[in-house]
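> Following is a predicted model, sequence given first.
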Amino acid sequence: IFDEWLGDEDRREYDNMDFIPYSPLEKDFIDETSSTFNTFVSYPRNILDIDNDEIVNNDGKLGNFMRNYFKPLVADIMGGKDELDAIEYFIKLFAHMFQKPRELSGVAWVCKSLEGAGKDTMIRIITAIMGDNKYLAQTSDMDDILGSFNKLAMNKQLIQFNELDGKQGLSNHNKLKDIITADYMNVKLKGIDSFTSKHYTQYCIFTNEMSSVIVGDHARRIFMTEAIGEYIGNTKFFEELHEELKNPEVLDGLYTYFMNVNLTGFRPSKNIPKTKIYNQQQIAQIHPVYKFLWECCISDWVDSGFSIINNRGIKYMIITPNEFNINFNNYCNNENIKSCSSKKYNMLLDNLECVKRERSIRIDNKPTKHIAINLDNIKDELDTKYMKTKERNLSNDDEWGDESDIQEVYGNTKISNNECQLDQ
């Protein structure tokens with residue numbers, strides 16, 4: 001047989017092989033004369049001649065599945081029907097994976113929920129469209145993907161980190177941040193020299209601990225949702241859903257639904273909606289020293305140990321380092337949050353332009369070391385750099401105060417005029 005193949009002028013032969021996923025919409029991509037053997041096999045799906053309104057509203061099994069299983073489950077996992085932006089983004093994110101499989105999204109979907117909410121079922125729906133699980137990797141150990149050897153990550157379009165805990169997430173924080181947006185992956189196999197491969201993977205992170213993902217510098221990398229859990233324990237719902245996934249008509253319709261989604265202007269890393277759980281998590285990860293100063297901004301600084309002085313027309317809140325340490329730790333104890341060393345919070349204070357540490361304040365001509373805070377600008381700087389109005393977005397504006405409230409703080413505080421001087 002080999003000799004016959006060798007003598008055939010139309011025989012296929014290749015110089016190398018690679019994993020290059022493609023969409024059926026890319027008819028011009030398939031090049032039969034290519035010298036690269038493509039290990040990607042297209043999905044066993046048909047694109048139906050039907051639009052998405054017809055898919056959802058038809059009277060057959062496909063419409064029944066979309067209305068009674070798929071759409072309700074997506075809404076639940078996104079945080080409820082009110083999270084319209086998240087629902088739309090989720091659909092577009094996976095439509096992007098199907099329509100543009102070689103265009104890395106650069107975004108990881110992070111979902112928090114109790115066990116049994118349906119996160120794994122959603123992945124099952126996606127892989128059922130693909131035909132099987134060969135383009136999916138699932139693991140509860142991040143080292144399988146980010147560690148010394150990562151065979152599991154080879155030739156995968158979808159990687160799911162399952163039930164990620166806080167310790168794993170924090171220890172792999174930088175690696176995870178890098179891999180989400182990496183155009184290439186360094187593949188490391190046992191007993192074989194490592195090699196570089198093009199990276200096309202969509203990442204999903206499932207957890208019941210939001211502390212496992214640091215969102216502060218992930219704004220363009222993390223799409224975060226929290227499932228309501230309405231279907232937890234609803235065995236009938238999930239059994240019927242999985243039975244429907246055995247129907248090729250339903251799978252073809254699902255695939256068509258994703259392939260019909262209009263992605264004009266959609267850029268995954270630019271269009272990420274800020275969900276309620278994302279905002280809550282950002283608040284939780286703001287450092288306590290900034291929260292303490294923010295609390296001082298919206299309440300009476302004097303109650304936190306500060307005094308107000310005028311210096312060359314600028315109002316400053318001043319406090320000795322010892323008094324600051326005492327009041328900051330009292331705040332942390334009252335809020336039941338972990339404090340930190342003075343060395344740590346001094347470094348963070350130095351990041352604020354409105355805060356001057358170790359300034360000599362002359363009160364009645366007696367120089368004393370103080371922390372001085374520009375009262376006119378501190379609230380805006382905190383808000384812009386760290387708070388970013390997130391807390392006020394989750395509460396009534398009146399609760400957090402505005403400029404008129406700050407003026408009332410002045411009214412409750414004795415302001416000296418000529419007795420104090422802030423040495424430059």
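In hand now; what should we look at?
> remind me which residues of the stretch 51-200 of the chain are low pLDDT?
165-167, 169-171 (pLDDT under 70).
> That one: strands as residue ranges?
Under the criterion DSSP state E, counting those that start in this stretch, the stretch 51-200 of the chain contains strands at 108-112, 136-139, 158-161, 184-187, 195-198.
> With F2 as the reference, name the closest of those.
strand 195-198 (28.5 Å; C-beta to C-beta). Placement of C-beta: from N, CA and C, glycine included.
> for the record, mean pLDDT for stretch 372-379?
Stretch 372-379 shows a mean pLDDT of 89.
> From start to finish, how long is that stretch in a straight line?
One end of stretch 372-379 sits 14 Å from the other (C-alpha to C-alpha, to the nearest Å).
> do the same with stretch 158-176
15 Å.
> same check, this time on stretch 280-290
End to end - C-alpha to C-alpha - stretch 280-290 spans 16 Å.
> Of all the residues in it, which ones are buried?
The neighbour-count check on stretch 280-290 (16 or more other C-beta atoms under 10 Å) flags Q280, Q281, Q282, I283, I286, H287, P288, V289, Y290 as buried.
> what's the answer for stretch 235-254, then?
In stretch 235-254, counting by 16+ other C-beta under 10 Å, buried: F237, F238, L241, E244, L245, V250, L251, D252, G253, L254.
> doesn't the second one fall inside a helix?
Yes. When DSSP: H, G, I helix; E, B strand; the rest coil is applied, F238 is found to be in a helix.
> Go ahead and confirm it touches A117.
No. Counting by C-beta atoms under 8 Å, F238 stays clear of A117, with 10.4 Å between them.
> okay, and the common contacts of these two?
Y231 (C-beta atoms under 8 Å, 6 or more residues apart in numbering).
> Check what pLDDT Q421 gets.
Per-residue confidence at Q421 stands at 49 (pLDDT).
> picking that back up, now intersect the buried residues of stretch 280-290 with the helices, please.
When DSSP state H defines the helices, the subset of these inside them is Q280, Q281, Q282, I283, P288, V289, Y290.
> would CSV of those with distance to R362 and pLDDT be doable?
Converted to CSV, those look like this (distance: C-beta to C-beta, whole Å; pLDDT from 0 to 100):
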residue, distance to R362, pLDDT
Q280, 45, 80
Q281, 44, 79
Q282, 40, 77
I283, 39, 76
P288, 31, 90
V289, 27, 91
Y290, 29, 89
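> isn't V289 right up against N327?
No. Assessed by C-beta under 8 Å, V289 is found out of contact with N327, at 11.2 Å.
> ok, and the residue nearest to F161 when sequence neighbours are not counted, which helix or strand is that part of?
Spatial nearest neighbour of F161, chain neighbours left out: I205 (4.7 Å); criterion: C-beta to C-beta, 6 or more residues apart in numbering. Per DSSP states H and E: I205 is located in strand 202-207.
> Output the contacting helices and strands for that strand.
Contacts defined by 3 or more C-beta pairs under 8 Å, 6 or more residues apart in numbering; DSSP states H and E place strand 202-207 against helix 84-99, strand 108-112, helix 119-130, strand 158-161.
> one more time with 10 Å
Here strand 202-207 touches helix 84-99, strand 108-112, helix 119-130, strand 136-139, strand 158-161, helix 166-171, helix 173-181, strand 222-226, going by 3 or more C-beta pairs under 10 Å, 6 or more residues apart in numbering; DSSP states H and E.
> Name the stretch from these that approaches P21 most closely.
Nearest of those (C-beta to C-beta): helix 84-99, 9.2 Å.
> middle-most residue in the protein, spatially?
The chain has I222 as the residue nearest its centroid, 1.9 Å off, counting by C-alpha atoms, centre = their mean.
> Show the contacting residues for it.
107-110, 176-177, 180, 203, 205, 213-215, 269, 272, 278, 281 (C-beta atoms under 10 Å, 6 or more residues apart in numbering).
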